[in-house]
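Engineer: Prediction below, plus the sequence it came from.
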Amino acid sequence: MITPVANFDLQAHNSLACPSRAEYFFAASDLNALRAALAWARQRQLPVSLVGGGSNLLCPAEVPGLVLQPALLGRQALSRDGTGVLVRLQAGEPWHPSVAWCLAQGYHGLENLALIPGTAGAAPIQNIGAYGCELADCLVAVEALNCRTGDIEHLDAQACQLGYRDSAFKQQLRDTHIITAIHLQLQLRPVVNLSYPALRDALQAEPSPQAVFAAVVALRSSKLPDPQTLPNAGSFFKNPCIDSDQFQQLHSQYPQMPHYPAAQGRKLAAAWLIEQAGWKGRKLDGVGMHLQQALVLTNPEKRPLNTVLACADAVAEAVWERFAVRLEIEPRRLCGSLR
Ligand code: EPU
């Protein structure tokens, strides 16, 4: 038997701080509670939406039905061999403290992903990535509740289909599965990833994983605003991928334009496109693009989602007019589509 809270205030549950109310809210701290909450909503024919830490979320003013938070906690080493350790994080574990915990245990590989907000369970959905590393580098499996059958399924990395800010949990598994735990293969030796130039430049030769962790925390803190003091959802747009023909044409026009390899064509830096389009530090109705990082939309006056989206539309329009490149919004909208 579960008792969801009616007319629940979601403003503190979305890092953009948009005013938002859920018809019902329930935080499930174990699997039985999660299953019971789904049954509760089904009996009442209510739509169900999921929230994690709320740091990558777009919340409309009214969210009908049940907003469900998988709040399962626990971190453990499942097994280890001579060089590696398999770590299981339950979905509700906050990400950054989990990274710090792994480092303290001597489990290496997550340092570059320090200070990313959100929960472990949300991490595979957008395949969190930063400073030359992404979750795909160490994710080996996910435990997920199949909402139709009520069973826990073990999905290996291939089934999760992690891509750039993408996964099966944004595609075919989007409305049918709830991630309940993730399994990460980490290293017992002190390996570091210095492939990101600004990170390498911030460190001395042969840094320890602890030094990399500290440098990532310092780099992020210097560029990305703390949502507690300035509401935001990290990068608001994905870095766009364009085909080779369009890239050649843009590159000849703007030789200084940053660009990266992509699965197909070439990936561009949305922050650069936004800055060139004149939106760095610019605002519309109190919502604007951050002065230190043009890709981060900030909502200092805690305006509603419609105002946030109007600003995002204006930014995307300006980039389209200047470069004929479409920007795609990265955070996900609460829309009650879980089945
Ligand atoms: N740039 C500008 N103007 C700016 C900021 C950056 O021209 O205001 C240029 C930089 O000079 C650089 C390029 O844009 O050449 C890329 O900038 P940066 O390295 O800061 O990274 P990003 O591509 O803007 C991505 C991730 C971030 C992640 C950083 C660091 C996406 C959508 N964003 O940003 O992830 O922290 O790399 O690895 O891929 C997030 O997803 O929420 C997030 C913050």
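Structural biologist: Arrived safely, thanks for sending.

Engineer: Could you use CA atoms for every contact and neighbour count after this?
Structural biologist: Fine.

Engineer: which outside residues touch stretch 180-195?
Structural biologist: Here stretch 180-195 makes contact (Cα atoms under 8 Å, 6 or more residues apart in numbering) with 70, 72, 82-92, 106-112, 120-121, 131-133, 138-145, 200, 207-209, 212.

Engineer: redo that, cut-off 7 Å
Structural biologist: By Cα atoms under 7 Å, 6 or more residues apart in numbering, the residues outside stretch 180-195 that reach it are 83-91, 106-109, 121, 132, 138-145, 200, 208-209.

Engineer: try stretch 81-97
Structural biologist: 70-80, 107, 114-121, 179-189.

Engineer: Pull out the buried residues from the contacts of stretch 180-195.
Structural biologist: Buried by 16 or more other Cα atoms under 10 Å: 85-91, 106-109, 121, 138-145, 200, 209, out of the contacts of stretch 180-195.

Engineer: Among the residues you listed, which ones are in helices?
Structural biologist: The helices, defined by DSSP state H, take in 200, 209 from the buried ones among the contacts of stretch 180-195.

Engineer: Just the CA atoms of the helix or strand where residue 186 lies, as CSV, please.
Structural biologist: Using DSSP states H and E, residue 186 sits in strand 177-187. The C-alpha trace of strand 177-187 is given here as CSV (Å, rounded to 0.1, in the frame of the first residue of the first chain):
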residue,chain,number,x,y,z
HIS,A,177,11.6,0.5,-18.6
ILE,A,178,12.7,2.1,-15.3
ILE,A,179,16.4,1.8,-14.6
THR,A,180,16.9,0.5,-11.0
ALA,A,181,20.7,-0.1,-10.9
ILE,A,182,23.8,0.3,-13.1
HIS,A,183,26.9,-1.9,-13.2
LEU,A,184,30.3,-0.2,-13.9
GLN,A,185,33.6,-1.8,-14.7
LEU,A,186,36.3,0.2,-13.0
GLN,A,187,40.0,-0.1,-12.6
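
Engineer: Mind listing what's buried along that strand?
Structural biologist: 177-187.

Engineer: Would you mind giving those residues as JSON lines with pLDDT and distance to the ligand added?
Structural biologist: Listed next are the buried residues of strand 177-187 as JSON lines, based on pLDDT from 0 to 100; distance: Cα to the nearest ligand atom, whole Å:
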{"residue": "177", "pLDDT": "97", "distance to the ligand": "22"}
{"residue": "178", "pLDDT": "98", "distance to the ligand": "21"}
{"residue": "179", "pLDDT": "98", "distance to the ligand": "20"}
{"residue": "180", "pLDDT": "98", "distance to the ligand": "22"}
{"residue": "181", "pLDDT": "98", "distance to the ligand": "21"}
{"residue": "182", "pLDDT": "98", "distance to the ligand": "19"}
{"residue": "183", "pLDDT": "98", "distance to the ligand": "21"}
{"residue": "184", "pLDDT": "98", "distance to the ligand": "20"}
{"residue": "185", "pLDDT": "98", "distance to the ligand": "21"}
{"residue": "186", "pLDDT": "98", "distance to the ligand": "20"}
{"residue": "187", "pLDDT": "98", "distance to the ligand": "21"}
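
Engineer: Which pair of those spans the longest distance?
Structural biologist: Spatially, the most separated pair among the buried residues of strand 177-187 is 177 and 187, at 29.1 Å (Cα to Cα).

Engineer: circling back to that earlier point, list, out of the contacts of stretch 180-195, those positioned next to the ligand.
Structural biologist: Counting by Cα under 6 Å from any ligand atom, nothing from those sits close to the ligand.

Engineer: Next up, the contacts around the closest residue to residue 166 other than its chain neighbours.
Structural biologist: Using Cα to Cα, 6 or more residues apart in numbering and skipping residues adjacent in sequence, the residue nearest residue 166 is residue 126, 4.7 Å away. The neighbours of residue 126, taking Cα under 7 Å, 6+ apart as the test, are 165-167.

Engineer: Just the ones in helices from those residues, please.
Structural biologist: Per DSSP H, the contacts of residue 126 never map to helices.

Engineer: So which bits of stretch 239-259 are buried?
Structural biologist: 239-242, 247, 259.

Engineer: no, scratch that, I was asking about stretch 43-56
Structural biologist: Buried positions in stretch 43-56, judged by neighbour count with 16+ other Cα under 10 Å: 46-56.

Engineer: Dump the residues you listed to a markdown table, plus distance to the ligand and pLDDT.
Structural biologist: What follows is the buried residues of stretch 43-56, written out as a markdown table (distance: Cα to the nearest ligand atom, whole Å; pLDDT from 0 to 100):
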| residue | distance to the ligand | pLDDT |
| --- | --- | --- |
| 46 | 31 | 97 |
| 47 | 28 | 97 |
| 48 | 25 | 97 |
| 49 | 21 | 97 |
| 50 | 19 | 97 |
| 51 | 16 | 97 |
| 52 | 15 | 96 |
| 53 | 13 | 96 |
| 54 | 12 | 97 |
| 55 | 9 | 97 |
| 56 | 8 | 97 |
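
Engineer: Most widely separated two among those?
Structural biologist: 46 and 55, at 24.5 Å, using Cα to Cα across the buried residues of stretch 43-56.

Engineer: roughly how far apart are residue 331 and the ligand?
Structural biologist: Distance of residue 331 to the ligand, computed by Cα to the nearest ligand atom, to the nearest Å: 8 Å.
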